[in-house]
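Undergrad: test case, fold it:
(one chain, ligands or ions: 1)
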Amino acid sequence: MNISHIEHIGIAVKDLHAAIPYYETVLGLKCYNIEEVANQKVRTAFFMVGQTKIELLEPTSEDSPVSKFLETKGEGVHHIAFAVDNLQASLDEVESKGVRLIDKSPRGGAEGLNIAFLHPKSTGSVLTELCEKGQ
Ligand code: CO
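TA: Alright, predicted model coming up:
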């Protein structure tokens, strides 16, 4: 597997519009995109920091994985996403090394990326996403 950089850090929030002012007013970042990702039941807001993004995640339904996270852990860092150059091959490789996968094959994420999650039981409790640019 070849990781080029941290693509984004995902942060769970209850309310995007309540969370965004800290990033804009205090940190001086600019929210450049708000996008709903139906298959993950989240609405996302993005900020660029160098070549890495901050991805705020607000659940859009009570059965969203982010709703469950907020209930048990509260707001805060939710996942880390690494950019790889061949997502399916990377998934096959980590699975061959004994890592449990949440997604056995890539699916569509925000910002036109193909993404897949590794199970936190296999990653030291850090929910880990691998992603590659969509074709
Ligand atoms: Co993500």
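
Undergrad: and the helix or strand bottoming out on mean pLDDT in the chain, what does it pack onto?
TA: Of the helices and strands making up the chain, the lowest-confidence element is strand 107-108, at a mean of 92, by mean pLDDT, DSSP states H and E. Secondary-structure packing of strand 107-108 (3 or more Cβ pairs under 8 Å, 6 or more residues apart in numbering; DSSP states H and E): strand 113-118. Quick note: C-beta positions are derived from backbone N, CA and C, even for glycine.

Undergrad: and the strand it packs on, what does it pack against?
TA: Packing contacts for strand 113-118, counted by 3+ Cβ pairs under 8 Å, 6+ apart, involve helix 87-96, strand 107-108, strand 128-133.

Undergrad: rerun that using 6 Å as the cut-off
TA: On a contact count with 3 or more Cβ pairs under 6 Å, 6 or more residues apart in numbering; DSSP states H and E, strand 113-118 meets strand 128-133.

Undergrad: what lines up beside the strand it packs on in the sheet?
TA: Looking at strand 128-133 with DSSP bridges, its partner strands are strand 76-84 (parallel), strand 113-118 (antiparallel).

Undergrad: excluding its backbone neighbours, what's nearest residue 105?
TA: Counting by Cβ to Cβ, 6 or more residues apart in numbering, residue 105 lies nearest to residue 88, which is 6.5 Å off, once chain neighbours are set aside.
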